[in-house]
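Colleague: Quick one, structure for this:
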Amino acid sequence: MKKLLVIWGGLLVAIHAFGQTNDGTEAGCSCPSCIAKAAGKTPPFTLPGLQALNAGLENTTAPEQGNDESAHDEHVDCDHDHVEQASLPAQSHVGHDHSTDGQAEMPAPHAGCDHDHGEAEGVALSVEMMEKVGIQIHEAEGGTIAKRVVFPAEIKLNRDHTAAVSPRYASIVRQVFAEIGDVVRKGDVLASLENRETMAVYTVAVPLDGVIISKDLAVGETAGEDEVLFEVADLSSVWADISIFPKYQHFMRKGMPVEFVAHDGHTARGTIRYISPIVSPETRTFTARCVLEAADEDFTPGAFVRARIEVETVEAAVIVPREAVQTLEGETVVFIPGEHDFQTSVVELGLADEHNVEIKRGLHAGNQYVASGAFSLKAQRVTSGMDPHAGHGH
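Modeller: Residues are numbered from 1 along each chain as shown. Take a look at the predicted model:
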C-alpha cells in the first residue's frame, strides 16, 4: 500500500512539473508564430510579400491572454508549408479579416487609370489650351482637288539664246581677251586673228549678252573657218526637258503650267512649249519641254529637277486641309468637336493635292471638324491612352 501511495505521489509531481513547463515562456511549438506568442509578441508575417511589415512589429505586444488558446489552434500540427504560402499573392492576407461584415475589403482598381478599352474616350482641352495649341474649327465644304504627278526633268541650254563664235577666214590666233565664265555683253571683243592669206588682222566679238561657257583657242594656233572659238549663252533662259511616262501622254498639252522643284526645295514655274511626238529609245518616255525665264542658279544646265504637273481635277463634295487628317491606331481620322471634348471620326480619303484632301466617307458637308491643331489633339489622345499600368509599378 505504501508503495502504491509512493507511485501515485510521483505521478502527481510529474504532472505538476509538466504543467508548469507549458505555462512558461518556452513555446510548445517551433513555428515563428507560436514562438512569438509565447514571448508575448505579435506573430510575424510569414508570406514573402508581407515580410517587410515585420519591422514595425518588434515592439508590438500580443493580444490578450484570453485569445492565446484560439490563436494556438491555428497551428495544431505546427507543420507550416512555406512552399504553398509563397505561391499565394502577396496582397492576400491569409486568415486575416479586415472588414466589418466578414468579407475582405477589395482595393479600388488603379485609381486614375482607365481600363475600359471599349468605346474610345474623347480629348478634353481648356479654352486656354485650345488657344495655345492653335485649335481651329471649320465647317466641312466641297471644293476642287487637283491631281498632280511628279516627273523627272533635266535643265538644258536654251539653244535659242546660245551663240557660237568662229573665225571668218582660216586664221592664226594673235590675242585672246576672254576666259570661260566671263560675263560679256554684245559687241565685246573676244580675240584678234590674222588672215593667213592676206595677213590682215581682224577681231571677233560677242553676238549677244551672256556668259562664256566654252573656249577652244590659244595664241599662235591655227583656226579654220568651221571651228568654234567661243560659245556664249544667256543662262537667264533655259530649257527644262520633262520625261513623260506613256500612260500620261494623253493628259499633256501645250500651255499646261508646270512647277519645277530643285534639289534644295527652290521652285520655278514654266509652261509646256513643245511635246515630242515620238518615244525616246533610251528612256522609253516622251519629252515635254518648258522654257524657264530668269531661273536662278539652282536651274543651271545639267541639273536634274522634279516637274509637278496637274493632270486631273476633281470636284469633291468634302475637302479638308491635309493637317486635319491624322493616323491614330492604324486608322485615318479627323477630330470632331463635341459638347465637352473632341471625338475622332474614321474617314475614307480620295484624291489629294498639295494642300487639301478629299473625304469620301466619315465627314459630311456642314459638319464641324478641327481644321488646325489636330496633331496636338492626337498627341494628347496618345498620351492619355498609354499603358494604364505605366508608372504604377504593377
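
Colleague: Can you check the pLDDT for V183?
Modeller: pLDDT, V183: 96.

Colleague: Can you name the residues bridging to it?
Modeller: V211 (DSSP bridges).

Colleague: From R381, how far out is it?
Modeller: To R381, V183 is 59 Å away according to CB to CB, to the nearest Å. In this view, the C-beta of every residue, glycine as well, is placed from N, C-alpha and C.

Colleague: So the two - more neighbours on which side?
Modeller: Taking neighbours as other CB atoms under 10 Å, V183 and R381 compare with R381 leading, 20 against 12.

Colleague: Could you verify that that one is part of a helix?
Modeller: Yes - R381: assigned to a helix according to DSSP: H, G, I helix; E, B strand; the rest coil.

Colleague: Tell me if I'm right that it and L328 touch.
Modeller: Yes - at 6.6 Å, R381 counts as touching L328 under the criterion of CB atoms under 8 Å.

Colleague: Please enumerate the shared neighbours of those two.
Modeller: Listed contacts common to R381 and L328 are T344; contacts here mean CB atoms under 8 Å, 6 or more residues apart in numbering.

Colleague: What residues sit buried inside stretch 316-336?
Modeller: 316, 318-320, 324-326, 328, 332-336 (16 or more other CB atoms under 10 Å).

Colleague: Quick one, which of the residues you listed has the minimum pLDDT?
Modeller: Lowest pLDDT among the buried residues of stretch 316-336: L328, 87.

Colleague: Now I155: closest residue in space that isn't a chain neighbour?
Modeller: In space, and not counting its chain neighbours, I155 is closest to A303: 4.5 Å by CB to CB, 6 or more residues apart in numbering.

Colleague: Show the contacting residues for that neighbour.
Modeller: Contacts of A303 (CB under 8 Å, 6+ apart): E154, I155, A262, H263.

Colleague: Quick check: phi and psi at it.
Modeller: Dihedral pair for A303: phi -80, psi 140, per degrees, to the nearest 10.

Colleague: Model confidence for it, exactly?
Modeller: pLDDT recorded at A303 is 94.

Colleague: Next: the one 10 residues further on.
Modeller: At T313, the pLDDT value in this model is 84.

Colleague: Equivalent analysis for S376, please.
Modeller: pLDDT, S376: 86.

Colleague: isn't it right next to V133, touching?
Modeller: Yes - using CB under 8 Å, S376 is in contact with V133, at 3.9 Å.

Colleague: Check which helix or strand Q175 maps to.
Modeller: Taking DSSP states H and E as the criterion, Q175 maps to strand 171-176.

Colleague: in that strand, what counts as buried?
Modeller: Result for strand 171-176 [16+ other CB under 10 Å]: buried residues S171, I172, V173, V176.

Colleague: Please name the bridge partners of the closest residue to the second one other than its chain neighbours.
Modeller: Think I172. Spatial nearest neighbour of I172, chain neighbours left out: E194 (4.7 Å); criterion: CB to CB, 6+ apart. Beta-bridge pairing for E194 (DSSP bridges): I172, V201.

Colleague: confidence score at E194?
Modeller: 97.

Colleague: can you check the one 5 residues further on too?
Modeller: At M199, the predicted lDDT confidence score is 95.

Colleague: likewise E154?
Modeller: E154 is given a pLDDT of 96.

Colleague: Could you shift the numbering so residue one becomes 5, and keep it that way?
Modeller: With the count now opening at 5, the last piece we talked about shows up as E158.

Colleague: so it sits in a strand?
Modeller: Yes - with three-state DSSP as the criterion, E158 is part of a strand.

Colleague: What is the burial count for K258?
Modeller: The number of residues near K258, taken as other CB under 10 Å, comes to 10.
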